[in-house]
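K.L.:
What would the 3D arrangement of this be:
(2 chains)
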Number of protein chains: 2
Amino acid sequence: MALPGPPGELVPMFEKDIAPYIRKKFKPGCVFRTRTVKMTGLPESCVNNSVKDLLKLEPPTTVGIYAKPGEVDLVIMSKAKSASAASRAILKVEKKIKSRLKGHIFGYDDETLESAVGSMLIRKSMTIAVAESCTGGLISSRLTDVSGSSRYFIRGAVPYANEVKIKHVGVSEKTLSRYGAVSRQVALEMATGLKSLMRVDVCLGVTGIAGPTGGSADKPVGLVYIAIDAPRRRAVKKFMFKGSRSDIKFQASQAALDLIRKNI
Amino acid sequence: MALPGPPGELVPMFEKDIAPYIRKKFKPGCVFRTRTVKMTGLPESCVNNSVKDLLKLEPPTTVGIYAKPGEVDLVIMSKAKSASAASRAILKVEKKIKSRLKGHIFGYDDETLESAVGSMLIRKSMTIAVAESCTGGLISSRLTDVSGSSRYFIRGAVPYANEVKIKHVGVSEKTLSRYGAVSRQVALEMATGLKSLMRVDVCLGVTGIAGPTGGSADKPVGLVYIAIDAPRRRAVKKFMFKGSRSDIKFQASQAALDLIRKNI
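P.N.:
Predicted coordinates for the structure are as follows:
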């Protein structure tokens, strides 16, 4: 079998035609099943410590740990005579993982943090708007990567200039000049200000310093404030991220999406 | 030499410590130099046809063609006794490519389309604001991926709901109900409306159907209108993109950035 190189062509061709062909032609005597448990907000070392015993499991059922920026995945893999036996073996391990890491799990398998947040918003019939400065539109873009997001995503605002923060997002000039654009107070006013301008259930305000320039001793590169104004909770959280400009933007978007997940 | 696996750790370690060590230790008798010429807006086949003769060049100087979503790169590679001889050989080929594909080249080597647009805006002392619906914040996010973009990027708006298009971006209710949200007219009003709300030199308006649902016979998935309101030009362009939701979002952002490049 000869296939084209680009993954965008190769992968669907393999999945649609080749895998079923091989399965039919060779009738394997066993099946493999995997289940990916996805977490955010915890470093790899903490996840590792919580499931040390499971990571030592031997075949036919094993657990692997995979860290990516802003996410840690545990992959359970099982080999068995039948699909149902493999699924049962996986479920047993999955339950243990859940009982130990519950609050940090945002989804499974193909789910993304943004699709998990989207499903929650639909389940709760809530709408959302985002005012984001240092993330520059990334949170809005990730939320709208999900098909059907127009059901809950109402408005994104990227008020980069201070004038725009005042005029279009509802931040007060006094707060800006007293505390500076990157402050707990401005993040909160971005969220509450946005909410006062429209009918929407959840509003997010994000401000920070993505770098590599623009930092100071007081407000270093990587400092990000994320505020949420949700029906049951109004809060601001302070974060210190590391890495390149795009690393910091991505980690801030990850923390913001996780803050939504935990507060609605 | 043993290195850690994650590219984010491996690549800088190799570049900072290992490559200089190897170079010093083994003193190679020749040098390699490469130059990447980056284009957008032309399919790979057209670029290929324009440089057919160059793609057949034999060592020590060769040209390769690489297509990615929304971008085609030509990579000139030269092996010579000295860096200056390699650079001279590359420059000769580069001049030929430039003379044939001038208008489509947006940058070289590490430049991105967003950094090229940013450099142009700085050179021309222009500021920019973006109103984007179907791209959901991706254009703003790409523009602000560039360090120093706060010098020219003033405001991003993601007016997903129609009410927000009217209230915060300056689209008229009449235009929306007469032509629909995905129309040439609404794209243009997003750009001109945004411009009327603030002091900024260039405004962009983007509306379309990113799919996979929401399309119709009249307005299929992949249909995107991009409007620009720049000092010397006001225009709307219609595009038909193919692929997944994120493919369509990315291609639309690519076309939008290219439209800025060509009209300021």
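
K.L.:
Tell me the buried residues in stretch A:81-91?
P.N.:
By 16 or more other Cβ atoms under 10 Å in any protein chain shown, the buried positions in stretch A:81-91 come out as A:A85, A:A86, A:S87, A:A89, A:I90. In short, each C-beta sits where N, CA and C put it, glycine included.

K.L.:
Could you export that stretch as PDB, keeping only the C-alpha atoms?
P.N.:
This file holds the C-alpha atoms of stretch A:81-91, laid out as PDB (Å, rounded to 0.1, in the frame of the first residue of the first chain):
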ATOM      1  CA  LYS A  81      -9.400 -11.400  23.900                       C
ATOM      2  CA  SER A  82     -12.500  -9.200  23.400                       C
ATOM      3  CA  ALA A  83     -13.300  -5.500  23.300                       C
ATOM      4  CA  SER A  84     -15.600  -5.800  26.300                       C
ATOM      5  CA  ALA A  85     -12.900  -7.500  28.400                       C
ATOM      6  CA  ALA A  86     -10.400  -4.800  27.400                       C
ATOM      7  CA  SER A  87     -12.900  -2.100  28.300                       C
ATOM      8  CA  ARG A  88     -13.600  -3.700  31.700                       C
ATOM      9  CA  ALA A  89      -9.900  -3.800  32.500                       C
ATOM     10  CA  ILE A  90      -9.500  -0.100  31.500                       C
ATOM     11  CA  LEU A  91     -12.600   0.900  33.500                       C
END
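
K.L.:
which outside residues touch that stretch?
P.N.:
A:29-35, A:60-61, A:76, A:78-80 (Cβ atoms under 8 Å, 6 or more residues apart in numbering or on different chains).

K.L.:
What are the boundaries of the helices in the stretch 1-150 of chain A?
P.N.:
Assigned by DSSP state H, counting those that start in this stretch, the helices in the stretch 1-150 of chain A fall at A:7-13, A:19-26, A:44-50, A:52-55, A:83-101, A:113-123, A:138-143.

K.L.:
tell me which parts of the stretch 101-250 of chain A are close to chain B?
P.N.:
Contacts of the stretch 101-250 of chain A with chain B, taken as Cβ under 8 Å from any Cβ of the partner chain, map to A:130, A:135-141, A:143-145, A:147-150, A:153-161, A:163-164, A:167-168, A:197-198, A:210-214, A:243, A:245-247, A:249.

K.L.:
Show me which of the residues you listed are buried.
P.N.:
A:130, A:135-141, A:143-145, A:147, A:149-150, A:153-161, A:164, A:168, A:197-198, A:210-211, A:243, A:245, A:247, A:249.

K.L.:
which residues sit in contact with the residue nearest the centre of chain A?
P.N.:
Using Cα atoms, centre = their mean, the residue of chain A that lies closest to the mean C-alpha position is A:L113, 3.3 Å off. Applying Cβ under 8 Å, 6+ apart, we find A:L113 in contact with A:K38, A:T40, A:E71, A:F106, A:G107, A:R142, A:Q254, A:L257, A:D258, A:R261.

K.L.:
how near is the last one to A:V186?
P.N.:
When you say that, I think you mean A:R261. According to Cβ to Cβ, to the nearest Å, A:R261 stands 23 Å off from A:V186.

K.L.:
what do you get for the first one?
P.N.:
Noted for A:K38: a distance of 32 Å to A:V186, by Cβ to Cβ.

K.L.:
Comparing those two, which shows the higher neighbour count?
P.N.:
Taking other Cβ atoms under 10 Å in any protein chain shown, A:K38 and A:V186 do not tie; A:V186 has more neighbours (27 against 22).

K.L.:
If we go by neighbour counts, what in the helix or strand hosting that one is buried?
P.N.:
A:V186 is part of helix A:184-196 when elements are defined by DSSP states H and E. The neighbour-count check on helix A:184-196 (16+ other Cβ under 10 Å) flags A:Q185, A:V186, A:A187, A:L188, A:E189, A:M190, A:A191, A:T192, A:G193, A:L194, A:K195 as buried.

K.L.:
same question for it, mean pLDDT?
P.N.:
Average pLDDT, helix A:184-196: 97.

K.L.:
Equivalent analysis for stretch A:152-160, please.
P.N.:
For stretch A:152-160, mean pLDDT is 97.

K.L.:
try stretch A:209-217
P.N.:
94.

K.L.:
Pull up the distance across it, start to finish.
P.N.:
12 Å (Cα to Cα, to the nearest Å).

K.L.:
quick one on the thing from earlier: just name the closest of the contacts of stretch A:81-91 to chain B, please.
P.N.:
Lowest distance from chain B to these (Cβ to the nearest Cβ) belongs to A:T34, with 20.7 Å.

K.L.:
that older thread, let me see the confidence value for the residue nearest to the centre of chain A.
P.N.:
98.

K.L.:
swap in A:F32?
P.N.:
91.

K.L.:
And for A:G243?
P.N.:
In this prediction, A:G243 carries a pLDDT score of 89.

K.L.:
is it possible to export the helices of the stretch 1-150 of chain A to TSV including distance to B:G8?
P.N.:
Below are these laid out as TSV (distance: least, Cβ to Cβ, whole Å):
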stretch	distance to B:G8
helix A:7-13	21
helix A:19-26	32
helix A:44-50	14
helix A:52-55	23
helix A:83-101	25
helix A:113-123	20
helix A:138-143	18
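
K.L.:
Out of these, which one sits most buried?
P.N.:
Greatest average neighbour count among these goes to helix A:138-143 (a mean of 29), per mean count of other Cβ atoms under 10 Å in any protein chain shown.

K.L.:
how far out from the middle of the chain is it?
P.N.:
10 Å (Cα atoms, centre = their mean, to the nearest Å).

K.L.:
With stretch A:4-14 instead?
P.N.:
Centroid separation for stretch A:4-14 versus its chain: 27 Å, with Cα atoms, centre = their mean.
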